[in-house]
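Engineer: Return atomic coordinates for the entry below.
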Amino acid sequence: MKKALQIHSRDSVAVALAPLLAGEVLEIAGKQVMLRQDVPSGHKFAIVPVAEGEEVLRYGFPFGRATASIAPGDHVHSHNVRTALGLGGEYRFETEHVAPPTSPQAATRHFDGYGREDGTVGTRNEIWIIPTVGCVGRTAERLAAMASAELPSGIDGILALPHPYGCSQLGDDLDGTRQILAALACHPNAGGVLLIGLGCESNQLSALMELIPARRRHRIRTLGAQMSEDEIEEGLKAISELSAIASQDRREQFPLSKLRLGVKCGGSDGLSGVTANPLIGRMADAVGDAGGSVILTEIPEIFGAEQLLMDRCTERETFDALVGLVHRFKQYFADHGEPVSENPSPGNIKGGITTLEEKSLGAVQKGGHVEVTDVIPYAGRASRTGLTILEAPGNDAVSITALTAAGATLTLFSTGRGTPLGSPIPTLKIASNSALAQAKPRWIDFDAGAVLEQGLDETSDALLDLVITTASGKLSRNETNAERSIAIWKKGVTL
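Structural biologist: Residues are numbered from 1 along each chain as shown. Here you go, the predicted structure:
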């Protein structure tokens, strides 16, 4: 296996694929480079001289400016490179788009899913119990545990989705909570949904039900705990009714175009943009080529690479919406007195990511080459084929919940540091390096470190097979570990 890799011919750095020692001599792009310091795996070293103040390039694009002169062989990281990001930004709309590569297998691949009345297809057939307010979150959990003791035939699981919100909220903040819960209640992986309210909360059951389409309501039951003589008994009865409806559903064969794929990264390292994220991009291309939907979020983690997504906008209206979203999110940071570049995290930095631009250039690869066809707000629901950009922060729990609410029925989650976190839907964890996959087999579903030895083509075939089997019922690690929580983006005051 190679010890280091120059990703693009323009790059001024190479990435260590294994720990490297000072004094080692490596041949990079036909030139010999002697390392002047130790370089940990996933970190970078210079392969050409970089003057102080000059842009430093990775993936063929600048990811910051040198804060000191950098010689070939020098370790390149936060000690000698700083971000160049600022609040503003000017963007261009390209009227000619490069045709994305096609996946010859995509049109012929199928999965076994559950067709729903609105035309969507679920990858699971579960009963979800969603509280309107945090006060009845434990009630939802108790009901799920009791009802799961003897799982009805044809039901894949009974799941409670507690959260701490729904009261002491105002305006847009309350609306966001209500809308995200309504979107979850309409999710195709839920064959039935029990909405539990307390009774006195701001997020009233009646207002929540107004957001549920009429064709979905036969799969919904509601329960007001304060008005119930015995909320446990009534809740179990409602779950039994929903199970009777959902147990009639059966898996059928559907083309890959019916899969809605969420893409996400968390705990990234310097290899995420070399292995796991390009691999997820291949899965996005497969679904996109088949005529399916891919959803990408984490807006702060496209800062510095947003033009790459804007270049794939098919319409001026979509481009303008994406520009507006990026500007609003930057202003969101500024309004709270924070710099837009307040990222990467300590774990990202330890793993070799130096600036937010570098993190973003690696992160946007998860969208593959799929054309950007829509931009939707937080708690919005994806409705178009192609790549949808979803408004949500980079926070892992909040963003994977938003992907689920937007309609993703399976999420691909790359990680270089590791995390057990999951969402209500199958959330395949894809390790950027083999060491993580070997150290955390109970967390990790797929080892993208294989890309370094087997190449992208062979590894992509293996991951696509896993995506198909998981969509068809194979349990993901987050499911076997019962890591299936939600988190809501809290943006307003608390009363």
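Engineer: make it CA atoms for all contacts and neighbour counts henceforth
Structural biologist: OK.
Engineer: OK, contacts around residue 412?
Structural biologist: 261, 262, 263, 264, 280, 427, 428, 429, 430 (C-alpha atoms under 8 Å, 6 or more residues apart in numbering).
Engineer: Out of those, which end up buried?
Structural biologist: The neighbour-count criterion (16 or more other C-alpha atoms under 10 Å) marks 261, 262, 263, 264, 280, 427, 428, 429, 430 among the contacts of residue 412 as buried.
Engineer: Which of these fall within strands?
Structural biologist: 261, 262, 263, 264, 427, 428, 429, 430 (DSSP state E).
Engineer: so what's the fifth one closest to, chain neighbours aside?
Structural biologist: Translated: residue 427. With C-alpha to C-alpha, 6 or more residues apart in numbering as the criterion, residue 427 has its nearest non-adjacent residue at 4.7 Å, and that residue is residue 411.
Engineer: List phi and psi for that neighbour.
Structural biologist: When read as degrees, to the nearest 10, the backbone of residue 411 gives phi -120, psi 140.
Engineer: okay, now it: neighbour count?
Structural biologist: By other C-alpha atoms under 10 Å, the residues close to residue 411 number 25.
Engineer: wait, what's in contact with it?
Structural biologist: Contact analysis of residue 411 by C-alpha under 8 Å, 6+ apart lists 261, 262, 263, 264, 400, 403, 425, 426, 427, 428.
Engineer: cool, residue 273 as well?
Structural biologist: Counted by C-alpha under 8 Å, 6+ apart, residue 273 has contacts 359, 361, 362, 363, 365.
Engineer: 6 Å - rerun?
Structural biologist: For residue 273, the contacting residues are residue 362, by C-alpha atoms under 6 Å, 6 or more residues apart in numbering.
Engineer: Can you point out the buried residues in stretch 460-470?
Structural biologist: For stretch 460-470, burial by neighbour count (16+ other C-alpha under 10 Å) applies to 460, 463, 464, 466, 467, 468, 469, 470.
Engineer: Tell me the secondary structure of residue 65, please.
Structural biologist: State at residue 65, reduced to three classes by DSSP: H, G, I helix; E, B strand; the rest coil: strand.
Engineer: nearest residue to it other than its sequence neighbours?
Structural biologist: The shortest distance from residue 65 to any non-neighbouring residue, by C-alpha to C-alpha, 6+ apart, is to residue 55 (4.4 Å).
Engineer: same check, this time on residue 73
Structural biologist: Closest residue to residue 73 apart from its sequence neighbours, by C-alpha to C-alpha, 6+ apart: residue 35 at 4.1 Å.
Engineer: Check the gap between residue 289 and residue 283 for me.
Structural biologist: Shown here: residue 289 relative to residue 283, a distance of 10 Å by C-alpha to C-alpha, to the nearest Å.
Engineer: if we can go back for a sec, I'd like the distance between the residue nearest to residue 427 and residue 80.
Structural biologist: Following C-alpha to C-alpha, the distance that separates residue 411 from residue 80 is 36 Å.
Engineer: next one: residue 453
Structural biologist: Per C-alpha to C-alpha, residue 453 is found 31 Å from residue 80.
Engineer: re earlier: would you list the contacts of residue 412 in JSON lines and tack on distance to residue 252 and pLDDT?
Structural biologist: Formatted as JSON lines, these follow (distance: C-alpha to C-alpha, whole Å; pLDDT from 0 to 100):
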{"residue": "261", "distance to residue 252": "18", "pLDDT": "98"}
{"residue": "262", "distance to residue 252": "22", "pLDDT": "98"}
{"residue": "263", "distance to residue 252": "25", "pLDDT": "98"}
{"residue": "264", "distance to residue 252": "27", "pLDDT": "97"}
{"residue": "280", "distance to residue 252": "26", "pLDDT": "98"}
{"residue": "427", "distance to residue 252": "21", "pLDDT": "98"}
{"residue": "428", "distance to residue 252": "22", "pLDDT": "98"}
{"residue": "429", "distance to residue 252": "26", "pLDDT": "98"}
{"residue": "430", "distance to residue 252": "27", "pLDDT": "98"}
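Engineer: Among the residues you listed, which one sits closest to residue 303?
Structural biologist: The closest of the contacts of residue 412 to residue 303 turns out to be residue 264 (C-alpha to C-alpha; 15.3 Å).
Engineer: Which residues are in contact with the closest one?
Structural biologist: residue 413.
Engineer: Pairing partners for it in the sheet, please.
Structural biologist: residue 413 (DSSP bridges).
Engineer: Please report the distance of it from residue 401.
Structural biologist: 11 Å.
Engineer: which intervals of the chain have sub-threshold pLDDT?
Structural biologist: In the predicted model of the chain, residues 95-107 satisfy pLDDT under 70.
Engineer: max-length strand in it?
Structural biologist: The chain, longest strand under DSSP E: strand 190-197.
Engineer: Let me know the next secondary structure element after that one.
Structural biologist: helix 205-209 (DSSP states H and E).
Engineer: Quick check: buried residues in that following helix?
Structural biologist: Buried, per 16+ other C-alpha under 10 Å, within helix 205-209: 205, 208, 209.
Engineer: Other residues contacting it?
Structural biologist: Outside helix 205-209, no residue touches it (C-alpha under 6 Å, 6+ apart).
Engineer: Dump that helix to CSV, keeping only the CA atoms.
Structural biologist: C-alpha atoms of helix 205-209 as CSV (Å, rounded to 0.1, in the frame of the first residue of the first chain):
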residue,chain,number,x,y,z
LEU,A,205,-51.9,17.9,19.2
SER,A,206,-54.6,19.6,17.1
ALA,A,207,-52.1,22.0,15.5
LEU,A,208,-49.7,19.2,14.8
MET,A,209,-52.4,17.1,13.2
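Engineer: outside of stretch 397-409, which residues touch it?
Structural biologist: 183-184, 260-262, 380-382, 392, 486-489.
Engineer: taking those one by one, which sit in helices?
Structural biologist: 183, 184 (DSSP state H).
Engineer: Drop anything exposed from the contacts of stretch 397-409.
Structural biologist: 183-184, 260-262, 380-382, 392, 486-489.
Engineer: Which member of the contacts of residue 412 is positioned nearest residue 236?
Structural biologist: residue 427 (28.1 Å).
Engineer: and residue 451, helix, strand or coil?
Structural biologist: helix.
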